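Asks: Show me the folded form of this:
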Amino acid sequence: MVLLQKQVEIPTFLIKQRPPVLKIKMLLIRKKNQGSNSGSHASMSQSGQRRRRGTKRTAFSDSDSDSEDELSMEDLVKLVAEKEELLKVKHKEIETMQDKVLRTYAEMENVMDRTRREAENSKKFAIQSFAKTLLDVADNLGRAASVVKDSFPKVDTSKDTAGAVPLLETLLKGVEMTEKQLTEVLKKFGVEKYDPTNEQFDPNRHNAVFQVPDASKPPGTVAVVLKVGYMLHDRVLRPAEVGVTVAVDNEDMNQSNEA
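Replies: Next up, the predicted model:
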């Protein structure tokens, strides 16, 4: 009786889907099986050999070429080594790409944090230039208040009312100069005031506080200005507070004239 060495069985799922290295290793197993069964093959019939070869081809893949079956053991070992070396190179490339991705992500986080801080600082210190320019106005107001504070006790002690006149004149000039300087500062930053007296009432620019019966002016005319308005470039910064004329009936007009 001829004893046949048990062949290695290949799982079906590995046959259907196998990577190149696994495919080569399977070919090595086939070569090994063929070598170990060479003695037993001599006692078998030629038809049985053909049947086993057909079974082997079916067990692996129909796509395996005859050239793969004829590869020597040395060639297969060399091919496996080449594939493993290629895998190492690809793994190295993957690690390099992963490192680049992590570095890029960290850099993006830093840029986002820096942009967020810059936006907060811009919002926080947006009026820095404007506020710095107003400091001169504050200094002038402080000087005027200091002069008045030092001079009033002297006038009060002397009981000389005539001495208060020069002091008031100085104070008035100081206030006028300060107001002029403040107006120039506001204008520098696009803030300008407007006086809508005798203009037609505009709800977008005027805030009507009261009505004024006046037959000499068309109804809806700004007759009195309590507070001037301010514009920031082409936008209303503060509407003017005004009194607007209304139509007067003839009876009311006659009654007012009789009174």
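Asks: alpha carbons only for contacts and neighbour counts from here, please
Replies: OK.
Asks: Which residues belonging to stretch 77-91 are considered buried?
Replies: 79-80 (16 or more other C-alpha atoms under 10 Å).
Asks: and the helix or strand containing residue 173, which residues are buried?
Replies: Assigned by DSSP states H and E, residue 173 belongs to helix 164-188. For helix 164-188, burial by neighbour count (16+ other C-alpha under 10 Å) applies to 164, 167, 171, 174-175, 178, 181-182, 185-186.
Asks: immediately after that helix, which helix or strand?
Replies: strand 191-194.
Asks: Please point out which parts of that next one sit buried.
Replies: 191-193.
Asks: so what does whichever helix or strand comes after it touch, helix or strand wise?
Replies: Using DSSP H and E, the helix or strand that follows strand 191-194 in sequence is strand 206-213. With contacts taken as 3 or more C-alpha pairs under 8 Å, 6 or more residues apart in numbering; DSSP states H and E, strand 206-213 sits against strand 240-246.
Asks: Against which helices or strands is the strand it packs on packed?
Replies: strand 206-213, strand 222-227, strand 229-232.
Asks: Next, count neighbours for the closest residue to residue 242 other than its chain neighbours.
Replies: Nearest residue to residue 242, sequence neighbours excluded (C-alpha to C-alpha, 6 or more residues apart in numbering): residue 225, at 4.5 Å. Residue 225 has 20 neighbouring residues, counting by other C-alpha atoms under 10 Å.
Asks: Isn't residue 225 up against residue 240?
Replies: Yes: using C-alpha atoms under 8 Å, residue 225 is in contact with residue 240, at 7.1 Å.
Asks: which residues of this protein fall in helices?
Replies: Ranges of helices in the chain, per DSSP state H, are 12-16, 20-36, 38-41, 46-59, 66-69, 73-124, 128-158, 164-188, 250-258.
Asks: Just give me the neighbour total for residue 205.
Replies: What residue 205 shows, counting by other C-alpha under 10 Å, is a neighbour count of 19.
Asks: My read is that it contacts residue 236, right?
Replies: Yes: in this structure, residue 205 is within contact of residue 236 by C-alpha under 8 Å, at 6.6 Å.
Asks: so what's in contact with these two at the same time?
Replies: By C-alpha atoms under 8 Å, 6 or more residues apart in numbering, residue 205 and residue 236 have these common neighbours: residue 229.
Asks: Any stretches of the protein with poor pLDDT?
Replies: 1-71, 151-163, 250-259 (pLDDT under 70).
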